[in-house]
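Trainee: I'll drop the sequence and a predicted model, then ask my questions.
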There are 4 protein chains.
Amino acid sequence: MNEKIPAVVLGATGSVGQRFVQLLNEHPWFQVIALTGSQRSIGKPYRQVCHWTLAEPMPNWAGDMVVRPSTPAAASAPLAFSALPAAEALQIEPLFAKAGSAVCSNASAFRRQPDVPILLPEVNPRHAGLVAAQRKKRDWDGCIVTNPNCSSTGLTVVLKALQDAFGVRQAVVVTLQALSGAGYPGVASMDIQDNILPWIEGEEDKVEWEPRKMLGEIQGDKINLAELTLSAHTNRVPVSDGHTACLSVALNQPAQLTQVEQVLRNYQAPEISRNLPSAPQPVIHFDPRPDRPQPRLDRMCGRGMTTVVGRLRQDPLLSLKMVVLSHNTIRGAAGGAIYNAELLYQQGMIKR
Amino acid sequence: MNEKIPAVVLGATGSVGQRFVQLLNEHPWFQVIALTGSQRSIGKPYRQVCHWTLAEPMPNWAGDMVVRPSTPAAASAPLAFSALPAAEALQIEPLFAKAGSAVCSNASAFRRQPDVPILLPEVNPRHAGLVAAQRKKRDWDGCIVTNPNCSSTGLTVVLKALQDAFGVRQAVVVTLQALSGAGYPGVASMDIQDNILPWIEGEEDKVEWEPRKMLGEIQGDKINLAELTLSAHTNRVPVSDGHTACLSVALNQPAQLTQVEQVLRNYQAPEISRNLPSAPQPVIHFDPRPDRPQPRLDRMCGRGMTTVVGRLRQDPLLSLKMVVLSHNTIRGAAGGAIYNAELLYQQGMIKR
Amino acid sequence: MNEKIPAVVLGATGSVGQRFVQLLNEHPWFQVIALTGSQRSIGKPYRQVCHWTLAEPMPNWAGDMVVRPSTPAAASAPLAFSALPAAEALQIEPLFAKAGSAVCSNASAFRRQPDVPILLPEVNPRHAGLVAAQRKKRDWDGCIVTNPNCSSTGLTVVLKALQDAFGVRQAVVVTLQALSGAGYPGVASMDIQDNILPWIEGEEDKVEWEPRKMLGEIQGDKINLAELTLSAHTNRVPVSDGHTACLSVALNQPAQLTQVEQVLRNYQAPEISRNLPSAPQPVIHFDPRPDRPQPRLDRMCGRGMTTVVGRLRQDPLLSLKMVVLSHNTIRGAAGGAIYNAELLYQQGMIKR
Amino acid sequence: MNEKIPAVVLGATGSVGQRFVQLLNEHPWFQVIALTGSQRSIGKPYRQVCHWTLAEPMPNWAGDMVVRPSTPAAASAPLAFSALPAAEALQIEPLFAKAGSAVCSNASAFRRQPDVPILLPEVNPRHAGLVAAQRKKRDWDGCIVTNPNCSSTGLTVVLKALQDAFGVRQAVVVTLQALSGAGYPGVASMDIQDNILPWIEGEEDKVEWEPRKMLGEIQGDKINLAELTLSAHTNRVPVSDGHTACLSVALNQPAQLTQVEQVLRNYQAPEISRNLPSAPQPVIHFDPRPDRPQPRLDRMCGRGMTTVVGRLRQDPLLSLKMVVLSHNTIRGAAGGAIYNAELLYQQGMIKR
């Protein structure tokens, strides 16, 4: 590669925006050339307006950048990473797609559009094929692809491995989600100190629907949702990073626990996305210890991109029980969108 | 009542033992006359050997008591509350029952014995009838009755209300359990700081079995387990007190959410246990707010004896989803055992 | 008393406002007749607009009240409790004082005014005497009295006891302050999860100045600040309620630890404020255990009104070291303002 | 260097022992050849007996090692890192020193011995000179050198910089210490949930004495304690890693804040220890932001070896106030001992 692809981060001052900045630091293929923010930040150095909440220090190049408006006129680039809130994403992302940017979005705004893929490159890279129809239908030079909700992410990786091997019919998933998933300032400390919040607005609908799209078959211009019924409870817990999910799943075929363990351990991303820079190594880490995974100890597995599974056991009601852990702002948000961008670049879908 | 019933607390220095002491302070019917402890505590004042972890201050009468051995010779009384660990309970509780004490035990040691009831007075007071057979079979003057595991408690109260109204076939329950449930020192702080522990040894078996016994029918000398399949995931979370459970349940009959809400709101304890001193008022508190129940805010509902339910909604897979909260060391442990003792006393089953 | 004094709570929806509502529930002398709030709340039931974060349930009479604007026209009463933010208090409290209300304010807005007392009835009830001059100077029928900052409260109680007995010259105080002190939403959970915040804006100035005023002598129309140099570090810690302070203090006279302990144990409020309904019983609780006070266990001492002291020891540099704990939203805020109101009422300074 | 120096980790299964293993993974100079543990671990693989609580995964070479007894016969090496508890260190470390090992100890057992240095290579590398006298006096081929208590570490680095520039006369230090400093299982979660512990046994004595030895002058065979009076309060807070200290310090000369800032920013380790592999880069990181340092965000500064200072301001009582942060199990324990070993090796004091 001669030169890196110029990229802009939309909504760079928030919690996911910061992760984009941190993970794109010294990325082998992409180079951030602009950061955008809201009215109160525009025209000021990122260092001054961003309340950085990551332990990794803010890169100097980012701190020095002057925050720009979220418009193609102010911040054009072949590649745009979007950490915008859903309502803004709905307005702004199409402008960038129209102007030629490949928009890799973490927002939920377009996930339910039939011509917009929800991508996990280790699960459904072929869904990127929707982009052709999307461009045609919407008359865009660029495109929008999305990554799923952070709590759908690890879950879907596991369901994909099980689906391929045994078929999956039903799943009950109960999440224990980290604070960083709510952005900043997000959850008030008084609401979560010595407490659990048993409700995250809009989250259960996403968890019950998004995996069905990602596990569905692409057929021509559209995706047939997978035949799979999901039931979700989503909770907020006092953990900084890392979403834990308790999963009960009904398979189409009987399966021994040792078989299931092998299937999870051996699951590989499709050839095309296996060796991308952000590809999780391994895709799934299976931990046989009885008390794992745990967010504090396991969230950074595979640099935060690996899905960690443990506590596999028989379920008296469905087929299997297990616990799934995934880093919500890396694999479940910014890291996932970057992995998506790598897939698009690999497939020649980013236009310099 | 002329005089209060003398009572001994077995294993009084631990976490549940302390709750017994605190809740029995100024109890209208029972008076603590002795506290027992392990070898290192015997002969010393309770104040000195007990690492009191409750916010309510230690009663002075308790602080002054000299801790005794856990033997009927050293600490005989018509009523014994047991906060012993399971292995010790197995040896010690029968000695007290033999010596004539009504043992109200929080230990799991005897819960699976066919002639020992697991009692929740608001659910299955008739199961106390097993005591007659127990006395005969074991040649005891006293008896042993148990309360369920803290994570089975709120769950079973809710299942009972639903069973009576609609029949219950299946349930998936995922718990988020408080630290006090593990006793003291219990969970190491390094294991739970910024973390979730997805495993509590032996807990899931209890949650999948105990409700079936409590919801079963007593028939002569035994209980027929309820026809109900339970699947449990149990987690430890950084919360001091109050177990939260995410419950999905399949009913035998279709039910509207408004009907279910009415059933829960109107659920009453059987006549016999409705007005006992520790009876929860109300048995179930239904909270319609979308983000309730929460442990920090709701655990002390009904002085910690009430089961709090919220987030009632349809389940795409089973019939209903909801969240259940119960105070684990009050309703789920010491308070429950005291309520059981009140039931026994009411029924003339405690021999002075 | 024939009838209770009507009272209004200004800024009732916030964190301190809620404490006022909770503590005034069934107050023997005062009755809340109106709750005020900001634009977004006015005209709506308190239940609907208040994000109640206390474990004690919201009283029904409060939930039903329709929130009014913070103006004397809309919410006049002989007694006004102010939980307003400082900037609003500066504008609004004088309007109520002018209209005849005795304003008992938790806000910092007027604390530095020479004619406005900062009152702790167990410390300086005579400072209430400033009110006469205040009324004259400002031509008010009512008045404004304030309670100190929550982190100055327990500290000042202890310094007063030491000052009376030994004289106090210098003090270094380092606070570990609870989350509820920052109001709601206050501290973002991401900022305090697994973390300490070593800075609270404006707090150190208050801690270094307010005790000097409260410990000063009233002379005619003004207070001579106490000759006392204070140095403060203020920190936010992940604790829900209860401010801990590590205190090193230099006395004017040498003192044995046993003497100091006696002085603290025996400290009494001045006669006039000793038996008011909210008077702390005792004023200071001295705990000799090496690891106390602790916020979770000791904050509710004396129904949250008592100052708890422990870990008394020699200081190699100044004279004494000790740890002081005080409930920040009860003694340090709403409870303190109510205690102030009781003092005013006792002294005939509230005009029906 | 042809070959790495063989090293043994004494007490490798505990919290600090684990840090030794993790930090020595791929160390450029040292190679772990043996791990020792207590009776219950001996003869079993480290993986099986070590309850690993670090987020960094256990190195495979360590997991495979069979734990040995803590005797020179079983685990001899030119270099021994000791993570033993103080009582065991007192017995065991001399055996290794006698047998020729250079013992770099984290234990407090020998810190107060006149011929045993407490070393911080960026502060007092010349104190390593005590080893010659130690060997002679005790007839050892090896030696014992110690690192200070974790809460003395960052404090002493800062005091050294100030001492060199302005002279230091007095200091008040109040610590907010992380859970990992108490080892494992250490602090019970019930003791620290929603709480602060204002007491750490024995800790204040160490903080008030150890800096005086490290800042003292070596004179022949002994060290003259620095003329400096310290007063300490030590607290445990719910933070996983990173000790925060609020420091007030009296200088011998007046100093402007800007001068002090420059002195801290420019402080360098003595030439001899400046470029060792574990040398902090920089020694002190000065952060000008008003709300820093914070443990979650700043503890890994300089790979956990840097001392972070912020909130520099005038002190009304002494000269300066500031906040100091240091990673307690890296700079303050295992990393510090490794840095010490590097210093000894550099000076030819480790005998192969």
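Mentor: Great, that's in hand.

Trainee: kindly report the residues of the stretch 101-250 of chain A close to chain C.
Mentor: Remark: the part of the stretch 101-250 of chain A in contact with chain C comprises A:179-180, A:182, A:184-194, A:238-240, using Cβ under 8 Å from any Cβ of the partner chain. In this view, the C-beta of every residue, glycine as well, is placed from N, C-alpha and C.

Trainee: report the contact partners of residue A:235.
Mentor: Residue A:235 makes contact with A:174-177, A:196-200, B:176, B:244, B:246 under the criterion Cβ atoms under 8 Å, 6 or more residues apart in numbering or on different chains.

Trainee: can you name the residues bridging to it?
Mentor: With DSSP bridges as the criterion, the beta-bridge partners of residue A:235 are residue A:176.

Trainee: measure it to residue B:311 for me?
Mentor: Using Cβ to Cβ, to the nearest Å, residue A:235 is found at 10 Å from residue B:311.

Trainee: check residue A:15 too.
Mentor: The value you get for residue A:15 to residue B:311, if Cβ to Cβ is used, is 26 Å.

Trainee: comparing those two, which residue is more hemmed in?
Mentor: Between residue A:15 and residue B:311, counted using other Cβ atoms under 10 Å in any protein chain shown, residue A:15 has the larger neighbour count: 24 against 21.

Trainee: and stretch A:15-27, how far from the chain's centre?
Mentor: Put simply, stretch A:15-27 sits 14 Å off its chain's centre (Cα atoms, centre = their mean, to the nearest Å).

Trainee: repeat that for stretch A:82-102.
Mentor: Taking the mean of its C-alpha atoms, stretch A:82-102 sits 17 Å from the chain's own mean (Cα atoms, centre = their mean).

Trainee: now do the buried residues in that stretch.
Mentor: A:82-85, A:88-89, A:92-97, A:99-102 (16 or more other Cβ atoms under 10 Å in any protein chain shown).

Trainee: using CSV, write out the CA atom coordinates for that stretch.
Mentor: The C-alpha atoms that make up stretch A:82-102 are tabulated as CSV, following Å, rounded to 0.1, in the frame of the first residue of the first chain:
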residue,chain,number,x,y,z
SER,A,82,-19.6,7.2,12.7
ALA,A,83,-20.0,7.4,16.5
LEU,A,84,-23.0,9.7,16.1
PRO,A,85,-26.1,9.3,18.2
ALA,A,86,-28.9,7.6,16.3
ALA,A,87,-31.0,10.7,15.6
GLU,A,88,-28.0,12.6,14.2
ALA,A,89,-26.7,9.6,12.3
LEU,A,90,-30.1,9.4,10.5
GLN,A,91,-29.5,12.9,9.1
ILE,A,92,-25.7,13.0,8.6
GLU,A,93,-24.6,9.6,7.5
PRO,A,94,-26.5,9.7,4.2
LEU,A,95,-24.8,13.1,3.4
PHE,A,96,-21.4,11.4,3.7
ALA,A,97,-22.5,8.3,1.7
LYS,A,98,-23.9,10.6,-1.0
ALA,A,99,-20.6,12.5,-1.0
GLY,A,100,-18.7,9.2,-1.6
SER,A,101,-17.6,8.1,1.8
ALA,A,102,-17.8,4.6,2.9
